[in-house]
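Asks: the following block contains a protein sequence and its predicted model.
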Amino acid sequence: MEIPTIVGLGLGFDGTSNWINKHVVDRYIFGLHQFEPEEYTLIRKFTVLWLFLTVFTFLLYFTLCPLLYYFYYLKRNDKGMNVAAWNRREGSDQVLNEIKLSSFSIIVMAAMTAPFELLVEAGYTKIYWDLPSTLFGWVYLTIVAPTLFLLFSDTCVYWIHRALHHRLLYAPIHKLHHKYKETTPFSSYAFHPLDGWLQGFPYHVFVFLFPMHHVSYFCALAIVGLWTINIHDRTTLKLPFVNGAAHHTIHHTGFNYNYGQYFVFWDFLGGSLRDPYNCAPYKKGSS
């Protein structure tokens, strides 16, 4: 059963690109009323995807980050404490600097990511569009593919991230993200563009290796963006085996620990796991 082309997240990247071209670019920029996607040039397809990725990420960044920053960082209780245990110790200009770097990096990283989505559009990946017609197909779509996506990307990101801490790569690429030890939600995209692209690489390679529904792929990348913000906000749920915000906070303060993206498995095997609840600011009695 083919999913109809409708406006919304259900379009995926390919459908969203076609919708923007048909209802925005053709109609309002070129004054065309006949939809002929086969006539679109590679430059046009790239530009539309680049702008879409940039705008989508900006919307995510400039809506969620300010909300988290207000509730976890600015709001204080009657003792003058905030949820994130953050007190501008690294300068009053930290947030502004993070926003400037993130804005630049999002634009550049979107341009570096767009070629992957062009390959998705062109049919070079294992992305599929039809809904399953068998029980196994539904199990694969709802359970197997998301699990494989998490395990594959967690494994790849761990080793890429660890490699970025090697002395040959750290100073030119990854050091910029570690400028501030006490992160804020605005730290989430404050990367050197190449750094962010390298750590995002596994998410896009996945669909060259494993089948994934195009809506699942779109939603998975959106969730990755949400997770990236979450692990930088210093507030966390104590979930077993999950490498959450507390673990990532210790990565920034301790440097050589907790490289993982979602789980603690590879940190445990690699000898880089540090329990955040035995460290400040999560250890009881620490400041």
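Replies: Received the coordinates, thanks. Since the model is a prediction, treat every value here as computed from it, not as a measurement. Numbering: from 1, shown residues only.
Asks: pLDDT below threshold where in the stretch 1-150 of the chain?
Replies: 1-18, 21, 28, 30-37 (pLDDT under 70).
Asks: and the nearest residue to Leu169 once chain neighbours are set aside, what pLDDT?
Replies: Of all residues not flanking Leu169 in the chain, Ala163 sits nearest, at 6.2 Å (CB to CB, 6 or more residues apart in numbering). Heads up, the C-betas are built off the backbone N, CA and C, glycines and all. With respect to pLDDT, Ala163 has a value of 97.
Asks: does Ala163 belong to a helix or a strand, and which?
Replies: Using DSSP states H and E, Ala163 maps to helix 145-164.
Asks: phi and psi next, for the nearest residue to Val120 once chain neighbours are set aside.
Replies: In space, and not counting its chain neighbours, Val120 is closest to Ile127: 5.4 Å by CB to CB, 6+ apart. Per-residue torsions, Ile127: phi -60, psi 140 (degrees, to the nearest 10).
Asks: partner residues bridging Ile127?
Replies: On the basis of DSSP bridges, Ile127 is bridged to Met212.
Asks: ok, the nearest residue to Trp129 once chain neighbours are set aside to Glu117 distance?
Replies: Computed as CB to CB, 6+ apart, the closest residue to Trp129 that is not its neighbour in sequence is His214, at 5.5 Å. Here His214 is placed at a distance of 11 Å from Glu117 (CB to CB, to the nearest Å).
Asks: neighbour count for those two, which is higher?
Replies: Glu117 (27 against 21; other CB atoms under 10 Å).
Asks: how about stretch 55-75: buried residues?
Replies: Phe56, Thr57, Phe58, Leu60, Tyr61, Leu64, Cys65, Leu68, Tyr69, Tyr72, Tyr73 (16 or more other CB atoms under 10 Å).
Asks: OK, contacts around the last one?
Replies: In this case it means Tyr73. Asn82, Val83, Ala84, Trp86, Thr184 (CB atoms under 8 Å, 6 or more residues apart in numbering).
Asks: which one of those residues is nearest Asn97?
Replies: Comparing the contacts of Tyr73 against Asn97 with CB to CB places Thr184 closest, at 10.6 Å.
Asks: roughly how far apart are the closest one and His192?
Replies: Thr184 is 18 Å from His192, where distance means CB to CB.
Asks: who's more crowded, the two?
Replies: Ranked by neighbour count (other CB under 10 Å), Thr184 and His192 place Thr184 first, with 24 against 20.
Asks: need the per-residue pLDDT for the more buried one.
Replies: We note a pLDDT of 95 for Thr184 in this prediction.
Asks: what's the answer for the one 10 residues further on, then?
Replies: Here the pLDDT value assigned to Leu194 is 97.
Asks: part of a helix, is it?
Replies: Yes - assigned with DSSP: H, G, I helix; E, B strand; the rest coil, Leu194 falls within a helix.
Asks: I figured it hits Leu176, correct?
Replies: No - with contact defined as CB atoms under 8 Å, Leu194 does not reach Leu176; the gap is 10.0 Å.
Asks: count of residues packed around Ser133?
Replies: 9.
Asks: returning to that earlier point: just flag the most distant two among the contacts of Tyr73.
Replies: Val83 and Thr184 (12.2 Å).
Asks: what lies in contact with whatever helix or strand Phe206 lives in?
Replies: Per DSSP H and E: Phe206 is located in helix 193-209. Applying CB under 8 Å, 6+ apart, the contact partners of helix 193-209 are 104-105, 108-109, 112-113, 116, 119-120, 124-127, 148-149, 152-153, 155-157, 160-161, 164, 173-174, 176-177, 189, 191, 212, 217, 220-221, 224.
Asks: next, the angle from it to helix 145-164.
Replies: Counting by axes from the mean of the first three to the mean of the last three CA atoms, to 10 degrees, helix 193-209 lies at 150 degrees to helix 145-164.
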